[in-house]
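A.B. asks: The following comprises the amino acid sequence and a computationally predicted model.
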Amino acid sequence: MSNENTKKYFEVSGKVDKIGNNLTIKKKDGGELFKRSILIDTGAEYNPIICFDAFQEELRNSMDKLEVGEVVTVKFNLSSREYDGRYFHNVNAFSIEAVYSKKKDVAVTSDDKDDFPF
């Protein structure tokens, strides 16, 4: 059964627990990959802390506007890959929106530019 209105991503809300530093990762081909992680406490009874990785420059830089304890909504994708008989999972954020902030001037989002309703 197919549903054309099905979301192609996941979404969770919670409090910012920790914001990591920007990291530079050396790739096998000699290039560089940049990422930044953020920990969100969802308040769930089991495994409430989720670590999200952000790779988009705009999203990584926008995390500077966030503070620990702020309530945010994170849109993200999950992916898994197998290596040597083991599976590794990625939780990649592509949008972080402040739901409640102590600051008055906070706009932290980095949705894809082609996310138009038409």
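C.D. replies: Received the coordinates, thanks.
A.B. asks: use CA for all of it now, contacts and neighbours both
C.D. replies: Will do.
A.B. asks: give the contact list for the residue positioned nearest the centre of the chain.
C.D. replies: Centroid-nearest residue in the chain, with CA atoms, centre = their mean: residue 93, separated by 2.2 Å. By CA atoms under 8 Å, 6 or more residues apart in numbering, the contact list for residue 93 reads 52, 53, 54, 55, 74, 75, 76, 77.
A.B. asks: Tell me which strands the top strand by length along the chain pairs with, and in which orientation.
C.D. replies: Longest strand of the chain, by residue count under DSSP state E: strand 86-100. According to DSSP bridges, strand 86-100 has the following sheet partners: strand 49-54 (parallel), strand 71-83 (antiparallel).
A.B. asks: Show me what the first one is in contact with.
C.D. replies: Same thing as strand 49-54. Residues from elsewhere that reach strand 49-54, judged by CA under 8 Å, 6+ apart: 35-43, 60, 76, 90-94.
A.B. asks: Return a PyMOL selection command for the buried portion of these.
C.D. replies: Per 16 or more other CA atoms under 10 Å, the buried members of those correspond to this PyMOL selection:
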select buried, resi 35+36+37+38+39+40+41+42+60+76+91+92+93+94
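A.B. asks: Compile the strands paired with strand 86-100 into JSON lines and extend it with columns for distance to residue 12 and mean pLDDT.
C.D. replies: What follows is these, written out as JSON lines (distance: least, CA to CA, whole Å; pLDDT from 0 to 100):
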{"stretch": "strand 49-54", "distance to residue 12": "10", "mean pLDDT": "96"}
{"stretch": "strand 71-83", "distance to residue 12": "5", "mean pLDDT": "95"}
